[in-house]
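In: starting from these lines, generate the structure:
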Amino acid sequence: MVTWRHNSKGGRPTAAHTPALTALPRRILCVSDRPAPTEHIAALQDTAACHSHPAAMHPHFSHQIHWTDLAWALSRPSETGVAIPVRACGRIHPDTSHTRQLLANRAYLVKYVCPDADCAPSPSDEQGTFYKDAARDGARDDTLVLFEFKRDVKNGLHRGGLQSWQDWTPTTAAHKRLHHFLDSFLSTLQTLGDTEAAKILSTTTNLTRTACEQRCAQIRALPTYSDFWHDCDLVLNMLIRGEVLLAIRCHDVGILDLPVVRAQTFGGQAVGNYWNFLLYHLLRVYLGTNAILAAGTAGLKVDDKSQGEFMRGITSMLSDCDGRTFLPSLRPALDPGVFLKDGDATRDMLKALFRFFALFGVLERRGLAMTEDEWRTRWAELVLDFYL
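Out: Predicted coordinates:
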């Protein structure tokens, strides 16, 4: 395996040898020789461990964003069981060819067969649900599978099929709950972004070109800036510091060309667009972490396989590759000894990520002149793309 070593003061990330990134899938995470730390995965083996911190952790902005609707869209019974007609005794009677076929294919059902052939028939067409694990009879042990909608949510949704948020009128109960979550998420994002922009509006709008150039020079001198990503990293550091209107002002005076910056690509097919690659990783952390916390508050178990995949993805974000995989200033929160173990650090990271999303939204709506419907449609697709 290859470890990328990023030169923070300019120059391309280096490695012992260069892998053929263009031959890898588009959604590859950065190449690293770090194994997925066992303690990182073990931290989530018991969802209750997330709540062992003195101040119990809840999903971010849980009073405004309807995370329970997202958790519902991702949950499904651990074992669906099999439905079979029963008599008044509530047990199975092999009196139809369909029932006999089910019994022949599922040996564990034998213990549910009624020994009394003369048992009274059920007063109605009653069905019983039987499980392989007898201890689960009558119980509902739901599991949350990260980044995969349940079937009735996926039906009717297609990747890239959302043409307009304004024209999306959900008709099924599943889609209404999904729409409810997305609407609360996007509305909160937009409100926070506009509030943050209003706070700094008076200090930015009248900046001269010289003042903008001086501030850009100061940002380029920061250790979190890299010449390898030039203007993209310049705008990134502005957003991290809450200076979104400075980026817009630099565009107005001719220092930056925001449409060009937004379309910039790096690393061939493996990375592609700088911002899409970064947002993919940031949203994966933000949505995945909040889904796990929502599962804890809702009493759901997180699926082991998807949980392990999520944690390996977190590990890969500890370093950059041809694209930014995480915000440099927040990377310490992904450390195996901190992520979901230090409640305060994890909450601060979620808060900072959401603020970054909100300010990026301001950049898109004001700097790139996106309409509200265009912006909502784009971000709804970014979120839906994880689960379809």
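
In: where does the prediction get shaky in the stretch 151-300 of the chain?
Out: The stretch 151-300 of the chain contains residues with pLDDT under 70 at 158-161, 202-205, 268-270.

In: can you rerun that using 80?
Out: Residue ranges of the stretch 151-300 of the chain with pLDDT under 80: 151-152, 155-163, 171, 173, 200-206, 267-270, 297-299.

In: for residue 184, give me its contacts.
Out: 64, 65, 66 (Cβ atoms under 8 Å, 6 or more residues apart in numbering). Using the backbone N, CA and C atoms, a C-beta is placed for each residue, glycine as well.

In: so the closest residue to the first one other than its chain neighbours, which state does it fall into?
Out: Nearest residue to residue 64, sequence neighbours excluded (Cβ to Cβ, 6 or more residues apart in numbering): residue 188, at 4.8 Å. Residue 188 carries the three-state label helix when classified by DSSP: H, G, I helix; E, B strand; the rest coil.

In: run through the residues that contact residue 188.
Out: 61, 64, 65.

In: show me those residues that map onto helices.
Out: Counting by DSSP state H, no part of the contacts of residue 188 is found in helices.

In: who wins for most neighbours among those?
Out: Counting neighbours by other Cβ atoms under 10 Å, the top entry in the contacts of residue 188 is residue 65, with 23 neighbours.

In: confidence score at that residue?
Out: pLDDT, residue 65: 95.

In: ditto for residue 334
Out: The predicted local confidence for residue 334 is 95.

In: so it touches residue 314, yeah?
Out: Yes. The pair residue 334 / residue 314 is scored as a contact, 5.6 Å apart, by Cβ atoms under 8 Å.

In: residue 347 belongs to a helix?
Out: Yes. The assignment for residue 347 by three-state DSSP puts it in a helix.

In: so it versus residue 290, what's the distance?
Out: With distances taken as Cβ to Cβ, to the nearest Å, residue 347 is found 11 Å from residue 290.

In: and residue 345, by the same measure?
Out: 15 Å.

In: just residue 366 next, same as before
Out: 27 Å.

In: and these two? Which one has more around it.
Out: It is residue 290, of residue 366 and residue 290, that has more neighbours when counted by other Cβ under 10 Å, with 23 against 18.

In: mind listing the helices in the stretch 1-150 of the chain by residue range?
Out: 38-42, 67-74, 97-105 (DSSP state H, counting those that start in this stretch).

In: need the winner for burial among these.
Out: Stretch with highest mean neighbour count among the helices of the stretch 1-150 of the chain: helix 67-74 (a mean of 23; mean count of other Cβ atoms under 10 Å).

In: mind listing residues that contact that helix?
Out: So helix 67-74 is in contact with 59, 144-150, 153, 174, 177-178, 180-181, 287, 290-291, 293-295, 297-298, 300, 387, going by Cβ under 8 Å, 6+ apart.

In: let's verify residue 323: helix, strand, or coil?
Out: Taking three-state DSSP, the label given to residue 323 is coil.

In: oh, that last question was meant for residue 223, not what I typed.
Out: Under three-state DSSP, residue 223 comes out as coil.

In: please report phi then psi for it.
Out: phi -70, psi -20 (degrees, to the nearest 10).

In: burial of it, as a residue count?
Out: 9.

In: roughly how far apart are it and residue 343?
Out: Counting by Cβ to Cβ, the gap from residue 223 to residue 343 is 28 Å.

In: re earlier: could you dump the contacts of residue 188 to a markdown table with distance to residue 374?
Out: Conversion of the contacts of residue 188 to a markdown table gives the following (distance: Cβ to Cβ, whole Å):
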| residue | distance to residue 374 |
| --- | --- |
| 61 | 24 |
| 64 | 23 |
| 65 | 22 |
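
In: and the contacts of helix 67-74, which are buried?
Out: 59, 144-150, 153, 174, 177-178, 180-181, 287, 290-291, 293-295, 297-298, 300, 387 (16 or more other Cβ atoms under 10 Å).

In: among those, name the ones in strands.
Out: Among the buried ones among the contacts of helix 67-74, DSSP state E puts residue 144 in strands.

In: list residues touching both of residue 334 and residue 314?
Out: With Cβ under 8 Å, 6+ apart as the test, residue 334 and residue 314 both reach residue 285.

In: which of those two has more residues huddled nearby?
Out: residue 314 (25 against 20).

In: before we move on, the earlier item: which one of the contacts of residue 184 is nearest residue 233?
Out: residue 65 (29.4 Å; Cβ to Cβ).

In: what about that closest one, distance to residue 81?
Out: Counting by Cβ to Cβ - residue 65 and residue 81 are separated by 33 Å.

In: likewise residue 152?
Out: For residue 152, the distance to residue 81 equals 17 Å [Cβ to Cβ].

In: and the end-to-end length of stretch 360-375?
Out: 11 Å (Cα to Cα, to the nearest Å).

In: wait, I meant stretch 88-99
Out: 16 Å.

In: mind listing the strands in the stretch 251-388 of the chain by residue range?
Out: Counting by DSSP state E, counting those that start in this stretch, the stretch 251-388 of the chain has strands at residues 265-266, 272-273, 301-302.

In: between the ones you listed, which gets nearest to residue 92?
Out: strand 301-302 (28.5 Å).

In: the closest one - contacts with which helices or strands?
Out: Packing partners of strand 301-302 (3 or more Cβ pairs under 8 Å, 6 or more residues apart in numbering; DSSP states H and E): strand 142-144, helix 274-298.
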